[in-house]
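sharing a model that was predicted from the sequence below.
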2 protein chains.
Amino acid sequence: MHPKIIIRIAVPKDTVLVLRFIQELAEYEHLSESVFMTEEILYEWISSHWVEVLLAEFQGETVGFALYYFTYSTFRGQPGIYIEDLFVRPQFRNLGIGTSFFRELARIAQSRGCFRLDWMVLDWNSNSIAFYKKLGAYPVEDWTTFRLDGKALEHLADSAASELSSKRQ
Amino acid sequence: MHPKIIIRIAVPKDTVLVLRFIQELAEYEHLSESVFMTEEILYEWISSHWVEVLLAEFQGETVGFALYYFTYSTFRGQPGIYIEDLFVRPQFRNLGIGTSFFRELARIAQSRGCFRLDWMVLDWNSNSIAFYKKLGAYPVEDWTTFRLDGKALEHLADSAASELSSKRQ
């Protein structure tokens, strides 16, 4: 690790800083219009340990963050870490900060009995993909993520509610 | 919902039953040799609410399970539900039990402020994929899941530990 890089765990009073990083990450991914996170919600998530956040300091300035939560593999019988966000400000890239984040995440995984790190990457983000492969990560093949949200989720939830009420009549 | 289908939430004393279902699911996915879960670990996960489990009863017999945990979208500012396992014993398929599970999961999602359900499916499992699409689910495109585990994870964790010890000298 570069001697000037410090990785530290965020505490609730870092909420505003973490929120700013979330917004910067969304800008970088061309997804700014998709950010609905608020300070109140993020404060609750960090305080409750539903998510954990690492912050990178370089020469005393906070320049990136990694946000993760735990997953549970029933086959393996072990938890894993899902990295929801990992971001380093563009002007601080190629200094080893991303690697420092992954090393710390691996160390945390090991100390908590986790057997893997998972995350998702946008397919156009070839720089990140090359970096992940260099770390020894690989794309998950043979499996596809399915998602149910929006109107379809509402519709399903409503159909469950109406069944329940018809049973109660 | 079929009048004889009851979906109920599992409690710690259902652990042995849930473990049996995990093993049956693994057999179905040709992954039996990958199951390392133990009764002790699963009991802890259910008791601690790290995971939640639904059980389906059909004519008084327990015939399937769904196991899930919560995810956290920093852009959306809302939790989601990740369905780790969903399984109905083969002889009880096409009776509406899978749909009942999804309706109940959608209802739980809505009652907990979750905005989506996510899960992964094996690409060869075309029957399940057709069923998911009929529910209104869709495959996540433009994103690929990356994974870091095994020796690569150990190696990264060790490099973090050795840095730490060299800094402390």
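Great, that's in hand.

quick one, strands of chain A?
Using DSSP state E, the strands of chain A run over A:5-9, A:52-58, A:61-73, A:78-88, A:116-122, A:138-139, A:143-149.

with mean neighbour count added, can I get these in TSV?
Placement of C-beta: from N, CA and C, glycine included. Below are these laid out as TSV (neighbours: other Cβ atoms under 10 Å in any protein chain shown):
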stretch	mean neighbour count
strand A:5-9	16
strand A:52-58	20
strand A:61-73	21
strand A:78-88	21
strand A:116-122	19
strand A:138-139	14
strand A:143-149	18
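
what about the closest residue to A:Val63 other than its chain neighbours, how many neighbours?
Distances taken as Cβ to Cβ, 6 or more residues apart in numbering or on different chains put A:Phe92 closest to A:Val63, at 4.2 Å, once the chain neighbours are dropped. The local packing of A:Phe92 (other Cβ atoms under 10 Å in any protein chain shown) involves 17 other residues.

how much space separates A:Phe92 from A:Asn127?
For A:Phe92, the distance to A:Asn127 equals 14 Å [Cβ to Cβ, to the nearest Å].

pick out the residue nearest the middle of chain A.
A:Glu84 (1.4 Å; Cα atoms, centre = their mean).

how far away is that one from B:Thr71?
Using Cβ to Cβ, A:Glu84 is found at 8 Å from B:Thr71.

try A:Ser100
Relative to B:Thr71, and taking Cβ to Cβ, A:Ser100 is found at 25 Å.

shaky segments in chain A?
Scanning chain A for pLDDT under 70 picks out the ranges A:1-3, A:161, A:163-169.

one more time with 50
Scanning chain A with the threshold set as pLDDT under 50 gives A:168-169.

spit out the contact partners of A:Lys151.
Applying Cβ atoms under 8 Å, 6 or more residues apart in numbering or on different chains, we find A:Lys151 in contact with B:Gly136.

just give the nearest non-adjacent residue to A:Glu44, would you?
Nearest to A:Glu44 is A:Trp50, by Cβ to Cβ, 6+ apart, at 7.8 Å.

could you report the neighbour count for A:Phe115?
A:Phe115 is flanked by 17 other residues according to other Cβ under 10 Å.

you'd agree it is up against A:Tyr72?
No. A:Phe115 lies out of contact with A:Tyr72 (Cβ atoms under 8 Å); the separation is 10.9 Å.

what is in contact with the two at once?
Each of A:79-80 lies in contact with both A:Phe115 and A:Tyr72 under the rule Cβ under 8 Å, 6+ apart.

hang on, the earlier thing: reformat the strands of chain A as a markdown table; add distance to B:Asp123.
Shown next, in a markdown table, are these (distance: least, Cβ to Cβ, whole Å):
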| stretch | distance to B:Asp123 |
| --- | --- |
| strand A:5-9 | 37 |
| strand A:52-58 | 32 |
| strand A:61-73 | 19 |
| strand A:78-88 | 21 |
| strand A:116-122 | 17 |
| strand A:138-139 | 13 |
| strand A:143-149 | 6 |
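
touching, the residue nearest to A:Val63 and A:Gly64? I think so.
Yes. Between A:Phe92 and A:Gly64 there is a contact at 6.7 Å, judged by Cβ under 8 Å.

residue contacts, the residue lying closest to A:Tyr132 once chain neighbours are set aside?
Nearest non-adjacent residue to A:Tyr132, counting by Cβ to Cβ, 6+ apart: B:Phe146, 5.1 Å away. Going by Cβ under 8 Å, 6+ apart, B:Phe146 touches A:118-121, A:129, A:132, A:137-140.

swap in A:Tyr69?
The neighbourhood of A:Tyr69, defined by Cβ under 8 Å, 6+ apart, consists of A:50-52, A:81-82, A:84, B:70-72.

switch to 6 Å and redo it
Each residue near A:Tyr69 by Cβ atoms under 6 Å, 6 or more residues apart in numbering or on different chains is listed here: A:51, A:82, B:72.
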